[in-house]
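Peer 1: structure, please.
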Amino acid sequence: ISLSFIPADGTEHLKLLTKGEPEIVDEVRAKQILEQEELEIRIELGLGKENAQYYTCDLSHEYVTINGDYRS
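Peer 2: Numbering: from 1, shown residues only. Coordinates of the predicted model:
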């Protein structure tokens, strides 16, 4: 398995795992990427050429606090 953060701003991606082996990660760079509005997390299983996309939404502390103040 290989795992990378792909920044939405087009800057260089950050490899976290390559073929199951951890990379030396620049923590400052990782923080910069995670602070962006959007990012792609690429997971390569190495099992073929198929692909899928999964979209998620904001589950930040602020979002949960705002939406946790009421019941439906």
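
Peer 1: low-confidence ranges in the protein?
Peer 2: Applying pLDDT under 70 to the chain flags residues 58, 70-72.

Peer 1: can you pull out the helices in it?
Peer 2: Counting by DSSP state H, the chain has helices at residues 27-34, 61-67.

Peer 1: CSV for the ones you listed, including mean neighbour count?
Peer 2: C-betas here are computed from N, CA, C, even on glycine. Compiled in CSV, those are given as follows (neighbours: other C-beta atoms under 10 Å):
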stretch, mean neighbour count
helix 27-34, 12
helix 61-67, 10
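
Peer 1: want to throw these into TSV with distance to residue 45?
Peer 2: Converted to TSV, the helices of the chain look like this (distance: least, C-beta to C-beta, whole Å):
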stretch	distance to residue 45
helix 27-34	22
helix 61-67	30
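
Peer 1: of all these, which one is nearest residue 5?
Peer 2: Among those, the nearest to residue 5 by C-beta to C-beta is helix 27-34 (4.8 Å).

Peer 1: who are the packing partners of that closest one?
Peer 2: Contacts defined by 3 or more C-beta pairs under 8 Å, 6 or more residues apart in numbering; DSSP states H and E place helix 27-34 against strand 2-7, strand 14-18.
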